[in-house]
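1. curious how this folds, go ahead:
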Amino acid sequence: MRRVLATLSALAVSLTAAVALASHAGAVDPTKGYNGICTGGDALTGVTVVIDFQELDGNGGTAAPTITRCSPNANPGTSRTGIKALQDAGIAVAGVAQWGLGFVCRLENRPASTETIPRATNPNYKEACVVTPPAEAYWSYWHANGAGTTWTYSSYGALNRNVIPGGFEGWSFSLNKTATTNPVPGVTPTNPAVGPTNPTVSLSVDDLDRKITLGQSTTLTWSSTNATAVTAHAASPATGGGSWTGTLTASGTQSITPTAKGTYTYTIKAAGAGGTVYSTAVLTVQ
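-> Here you go, the predicted model:
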């Protein structure tokens, strides 16, 4: 259940934060992550981040070659959101004033506030990062499990979607495109370390900030590949977080109605010929 949370005062605070984020955005932080696809000990625990600037490359004379960078997981076995993966890769990311990092508007300070983005309906458009970017000019968000060659457009924002260890997170700037013509990132999302039998699983809370009020419900969404058994493994604390037990389908959704305030961690388990993997999602009940 998605909820509109912003009040006028919160909007003012978020605007200040968004402006600060944009002003500090810049070159990739070399102290975080490393160039290229995740390898070695990070191959199956990290995630590879791809940033494809598309038409922004060269706009205003500013070159912006595609970035491919490994985002290591400092705590293997724990889940990370798409936003955390960007940050762990050293990518500068800024959100909009209205929703913060719930909606990404700049990556590596692009599009900059001063550059012109020739939208079909507004050729002189400039991105102010105040409200959600228009469908004609925005950062489209993609993912892949690393075992194939195809990107999947994400139906969830990077703040409330967990990444797939060993997989790929893709960002591609979409200018004057449609839902069927959005350009995929220009890097093939194949991780040589991910075999055809390695199971993958991802669990996310379908709520913009992963917070609800006691008495409300939300939805857990999951997907898996190469799994012969998927299970709602555990909820912690064990009581108060709603029902999360039993055998699950390979992908799906389930409504959750907590009965007590608190912070709950839900764990999903996927087992297959290539091993067993887990993913978690966190929900706060106020």
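2. okay, and Leu220 sits in which element?
-> In the assignment (DSSP states H and E), Leu220 maps to strand 218-225.
3. who does that strand pair up with?
-> The pairing partners recorded for strand 218-225 under DSSP bridges are strand 200-205 (antiparallel), strand 252-256 (antiparallel).
4. could you look up the next helix or strand downstream of it?
-> Where DSSP H and E defines the elements, the next helix or strand beyond strand 218-225 is strand 229-236.
5. possible to save the strands paired with strand 218-225 as CSV with mean neighbour count, mean pLDDT and distance to Asn73?
-> Quick note: C-beta positions are derived from backbone N, CA and C, even for glycine. Putting the strands paired with strand 218-225 into CSV (neighbours: other C-beta atoms under 10 Å; pLDDT from 0 to 100; distance: least, C-beta to C-beta, whole Å) gives the following:
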stretch, mean neighbour count, mean pLDDT, distance to Asn73
strand 200-205, 26, 84, 14
strand 252-256, 15, 94, 25
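6. how about a markdown table for these, with distance to Tyr141 added?
-> Supplementary listing: the strands paired with strand 218-225 in a markdown table, determined by distance: least, C-beta to C-beta, whole Å:
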| stretch | distance to Tyr141 |
| --- | --- |
| strand 200-205 | 13 |
| strand 252-256 | 19 |
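7. check which residues of the strand holding Leu220 are buried.
-> By neighbour count on 16 or more other C-beta atoms under 10 Å, the buried set for strand 218-225 is 218, 220-225.
8. using the record's assignment, carve the protein into domains.
-> Listed by automatic domain parsing, the domain ranges of the chain are 8-175, 200-285.
9. out of the ones you listed, nearest to Pro192?
-> Comparison of the domains of the chain against Pro192 by C-beta to C-beta identifies domain 8-175 as nearest, at 7.9 Å.
10. averaged pLDDT, that closest one. What do you get?
-> Mean pLDDT, computed over domain 8-175, is 87.
11. also stretch 184-198?
-> Along stretch 184-198, the predicted local confidence has a mean pLDDT of 90.
12. what's the span of that stretch, first residue to last?
-> This stretch, stretch 184-198, spans 24 Å end to end (C-alpha to C-alpha, to the nearest Å).
13. about what we covered before: now do the strand holding Leu220, average pLDDT.
-> When pLDDT is averaged along strand 218-225, the result is 90.
14. other residues contacting it?
-> Outside of strand 218-225, the residues within contact range by C-beta atoms under 8 Å, 6 or more residues apart in numbering are 1, 145, 147, 156, 199-207, 212, 230, 244, 248, 250-256, 266, 268, 270, 279, 281, 283.
15. just the angle for that strand relative to strand 229-236, thanks.
-> For the pair strand 218-225 and strand 229-236, the angle between their directions (axes from the mean of the first three to the mean of the last three C-alpha atoms, to 10 degrees) equals 140 degrees.
16. quick one: the strands in the stretch 1-150 of the chain?
-> Across the stretch 1-150 of the chain, reading from the start of the chain, the strands by DSSP state E, counting those that start in this stretch fall at 34-35, 47-52, 67-71, 93-96, 100-107, 137-144.
17. for Ser236, which of the ones you listed is the nearest?
-> Among the strands of the stretch 1-150 of the chain, the nearest to Ser236 by C-beta to C-beta is strand 47-52 (23.8 Å).
18. centre of the chain to that closest one, how far?
-> Taking C-alpha atoms, centre = their mean, to the nearest Å, the mean C-alpha location of strand 47-52 is offset from the chain mean by 11 Å.
19. quick one: closest of the strands paired with strand 218-225 to Ser79.
-> Of all the strands paired with strand 218-225, the one in closest proximity to Ser79, counting by C-beta to C-beta, is strand 200-205 (7.4 Å).
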